[in-house]
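>>> my questions concern the predicted model and sequence given below.
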Amino acid sequence: GAGVSQTPSNKVTEKGKYVELRCDPISGHTALYWYRQSLGQGPEFLIYFQGTGAADDSGLPNDRFFAVRPEGSVSTLKIQRTERGDSAMYLCASSSQEGTEAFFGQGTRLTVV
Amino acid sequence: LAKTTQPISMDSYEGQEVNITCSHNNIATNDYITWYQQFPSQGPRFIIQGYKTKVKNEVASLFIPADRKSSTLSLPRVSLSDTAVYYCLVGASFGNEKLTFGTGTRLTIIP
């Protein structure tokens, strides 16, 4: 696609439920990033993929959060047993290995009620 | 990773030149300085990147002194549509490592 696509754009879920957030990066981009952003804060790093493997997952807050990128393209961020504190905008970005910039999607706004 | 410090907020009038300075005292030799812009409910968007001296593109200029411990993003003749949050990031480029966002500078343009 022309840009990074994230689905759904909005997700409301009940506390304790499982959610999946999807990211379609720009075709050919090897690097893919997940960030989380709360109101009034800058994006907080979660995980970074190079190809299919997680190059750095140091930002995942706990073991309820997991992300995959099985074919080196689309990525899914999975959150188990959601908590109200997980409510935030989840941003995905992609970049070529040689590129200087990352291209961000519009984000998925997750609300846990 | 080098930590950055920016003003929390700035106001400016339309048509003025705006300069936002970022401090990064422990920048590493191979680190670049990159600025992103973010509008409400959108993902950040790349503005400009530099390593040293001055870089200019169609939307902004970036001034970096010789010691590289700070940088200044310059927006010429701002308009209301430049109201946004501006982030200064320091590190190797995206594609090679994660980059860390601070809290950014909230720029408000006044008519």
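Looks like it came in fine.

>>> contacts only, for the closest residue to chain A within chain B.
Residue nearest to chain A within chain B: residue B:43 (2.8 Å; CB to the nearest CB). In this view, the C-beta of every residue, glycine as well, is placed from N, C-alpha and C. Going by CB atoms under 8 Å, 6 or more residues apart in numbering or on different chains, residue B:43 touches A:4, A:91, A:93, A:104-107.

>>> do the same with residue A:95
By CB under 8 Å, 6+ apart, the contact set of residue A:95 is A:29-31, A:33, A:101-103, B:93-95.

>>> most neighbours among those residues, which one?
Scoring those on neighbours with other CB atoms under 10 Å in any protein chain shown, the highest-scoring entry is residue A:102 at 31 neighbours.

>>> rewinding a little: now, the contacts of residue A:95 that are in strands?
Of the contacts of residue A:95, the ones assigned to strands by DSSP state E are A:31, A:33, A:103.

>>> nearest residue to the most centrally placed residue in chain B other than its sequence neighbours?
The residue lying closest to the centre of chain B (CA atoms, centre = their mean) is residue B:35, at 3.5 Å. Nearest residue to residue B:35, sequence neighbours excluded (CB to CB, 6 or more residues apart in numbering or on different chains): residue B:47, at 4.5 Å.

>>> how close does the one you found get to residue A:90?
23 Å (CB to CB, to the nearest Å).

>>> would you list the phi and psi of residue A:84?
phi -60, psi -30 (degrees, to the nearest 10).

>>> which non-adjacent residue is nearest it?
The shortest distance from residue A:84 to any non-neighbouring residue, by CB to CB, 6+ apart, is to residue A:112 (5.0 Å).

>>> over to residue A:26?
residue A:94 (5.1 Å).
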